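# What follows is a predicted structure for the sequence shown.
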Amino acid sequence: MIIEPRMRGFICLTAHPKGCEQNVKNQIEYIKSKGAIEGAKKVLVIGASTGFGLASRITSAFGSGAATIGVFFEKPPLEGKTASPGWYNSAAFENEAHKAGLYAKSINGDAFSNEVKQQTLDLIKKDLGQVDLVIYSLASPVRLHPVTGVLHRSVLKPIGSTFTNKTVDFHSGKVSEVSIEPCSGDDIENTIAVMGGEDWAMWIDALKAENLLAPGATTVAYSYIGPSLTEAVYRKGTIGRAKDHLEATAFTITDSLEDINGKAYVSVNKALVTQASSAIPVIPLYISLLYKIMKEEGIHEGCIEQIQRLYQQRLYTGSDVPTDEKGRIRIDDWEMRADVQEKVAKLWEQAVTENLEEIGDLEGYRKDFYNLFGFDFEGVDYKADTNEMVNVSSIA
Ligand code: NAD
Ligand code: NA
């Protein structure tokens with residue numbers, strides 16, 4: 001069939017298999033162009049199908065020649081209905097990895113569940129013996145707690161008072177004012193339950209209990225801080241509490257890995273267009289201004305550039321991993337540069353519907369958004385009849 005983007009609000013209901021494949025191939029080419037990284041050889045990526053997790057899987061495989069197991073929650077294709085992009089990404093990744101002679105297997109299911117954890121442990125035991133790197137890159141709005149059976153929903157709300165600021169509908173370019181009511185009830189606890197560190201620790205405990213972590217194993221989870229502009233809705237909001245919890249969990253995991261000399265890190269990454277971030281009010285306006293400035297300064301990065309730098313210049317330099325005063329790895333350093341933030345803050349003051357196309361990078365934002373779903377890639381024939389069932393046998 002001919003596959004076109006079909007938008008509903010902030011999501012796209014379709015995905016293009018050839019475009020997703022192109023996305024994966026472009027990322028692989030980038031990693032190859034940057035040379036070998038002396039990194040981990042057996043890697044588990046939880047949240048491996050899109051965004052930072054996919055970039056991590058690609059960097060491990062094609063930068064360090066690693067065997068990878070990827071865990072994710074994606075929709076396979078049905079006759080006449082496309083898969084979710086992460087499914088096509090993963091099918092394409094496995095193909096490319098296998099062509100390169102690299103071990104790559106995937107588990108598609110709920111990473112919060114005991115069943116998927118056990119399936120993953122069994123696969124590691126059978127095929128890899130142990131892993132030496134575990135990347136934790138889940139972004140989810142809900143978590144069914146495996147012990148209590150409670151379904152937790154995360155919310156993106158300020159804490160304490162209503163937050164009013166500018167936002168943009170990136171499809172139309174219309175800038176408007178938005179007010180977000182403060183959280184209430186159990187919103188904070190629920191958001192921490194979904195996006196905090198409990199599940200990360202459960203994964204590491206389960207791996208360790210079955211002796212599946214190699215001596216000196218490392219685990220890394222991803223966090224975000226961002227500027228004062230977005231603080232009320234992000235870092236000082238409900239999601240920020242979850243990130244505080246995630247960051248604190250790195251220390252408890254490190255303690256629990258002392259006997260195998262293992263270490264847990266949180267890496268603070270830069271703001272990027274992903275399915276998760278485009279749904280947060282205010283953030284898309286910030287990102288479109290940030291992209292403009294970072295591109296002008298020649299320091300713009302996507303997920304793959306960020307993770308390549310994380311591996312090569314932070315994790316695997318041959319000496320100690322550099323961290324900030326709170327023990328966090330910072331690859332948001334260029335985003336947070338004072339000169340960059342000053343320029344973004346100035347543009348923020350000026351931004352209105354009439355000038356945003358010019359002073360912001362709405363075009364770049366939209367392109368990245370379409371790219372998430374495999375659209376708008378060079379070298380893909382979008383007019384061609386395309387088989388949505390492509391590679392359907394490769395992922396269990
Ligand atoms: P994403 O939506 O692109 O990726 C989420 C991944 O989690 C996908 O592989 C998805 O399949 C998987 N997933 C979701 N629910 C699952 C479940 N129940 N079981 C198994 N897999 C599941 O998101 P992303 O932006 O790459 O985010 C990854 C991490 O990076 C998050 O912790 C996020 O907060 C952080 N981060 C994001 C940004 C940003 O700007 N996007 C910046 C800094 C840090
Ligand atoms: Na991810």
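Looks like it came in fine. Ligands and ions are numbered 1, 2, ... in the order given.
# Kindly report the residues of the stretch 201-350 of the chain close to ligand 1.
Proximity of the stretch 201-350 of the chain to ligand 1 (CB under 6 Å from any ligand atom) is limited to residues Tyr222, Ser223, Tyr224, Asn269, Ala271, Leu272, Thr274, Gln275, Ala276, Ser277. In this view, the C-beta of every residue, glycine as well, is placed from N, C-alpha and C.
# Compare those residues and tell me which is most surrounded.
Tyr222 (26 neighbours; other CB atoms under 10 Å).
# Next one: that one from Val178, what distance?
26 Å (CB to CB, to the nearest Å).
# avg pLDDT for stretch 192-200?
Averaged over stretch 192-200, pLDDT sits at 98.
# what about it and ligand 2, any contact?
No - Stretch 192-200 stays clear of ligand 2 (CB under 5 Å from the ion), getting no nearer than 12.6 Å.
# what do you get for stretch 356-375?
No - judged by CB under 5 Å from the ion, stretch 356-375 stays clear of ligand 2, getting no closer than 11.3 Å.
# now do stretch 213-227
No - between stretch 213-227 and ligand 2, judged by CB under 5 Å from the ion, nothing touches; the nearest distance is 7.6 Å.
# Report the buried residues of that stretch.
By neighbour count on 16 or more other CB atoms under 10 Å, the buried set for stretch 213-227 is 213-214, 217-227.
# Please render the residues of the stretch 201-350 of the chain next to ligand 1 as JSON lines that adds secondary structure and pLDDT to the earlier fields.
Compiled in JSON lines, those are given as follows (DSSP: H, G, I helix; E, B strand; the rest coil; pLDDT from 0 to 100):
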{"residue": "Tyr222", "secondary structure": "strand", "pLDDT": "98"}
{"residue": "Ser223", "secondary structure": "strand", "pLDDT": "98"}
{"residue": "Tyr224", "secondary structure": "coil", "pLDDT": "97"}
{"residue": "Asn269", "secondary structure": "coil", "pLDDT": "98"}
{"residue": "Ala271", "secondary structure": "coil", "pLDDT": "97"}
{"residue": "Leu272", "secondary structure": "coil", "pLDDT": "96"}
{"residue": "Thr274", "secondary structure": "coil", "pLDDT": "85"}
{"residue": "Gln275", "secondary structure": "coil", "pLDDT": "81"}
{"residue": "Ala276", "secondary structure": "coil", "pLDDT": "80"}
{"residue": "Ser277", "secondary structure": "helix", "pLDDT": "84"}
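# Looking at those, which one is closest to Leu246?
Ser223 (5.9 Å; CB to CB).
# On the strand side of things, show who that closest one bridges to.
On the basis of DSSP bridges, Ser223 is bridged to Val268.
# Now do it against ligand 2, distance only.
Taking CB to the ion, to the nearest Å as the measure, Ser223 falls 13 Å from ligand 2.
# And for Phe93?
On the measure of CB to the ion, Phe93 and ligand 2 end up 13 Å apart.
# circling back to that earlier point, report the two of the residues of the stretch 201-350 of the chain next to ligand 1 separated the most.
Ser223 and Gln275 (17.8 Å).
# Strands of the stretch 1-150 of the chain, start to end?
Per DSSP state E, counting those that start in this stretch, the stretch 1-150 of the chain carries strands over the ranges 7-8, 11-12, 42-46, 67-72, 104-108, 131-136, 142-144.
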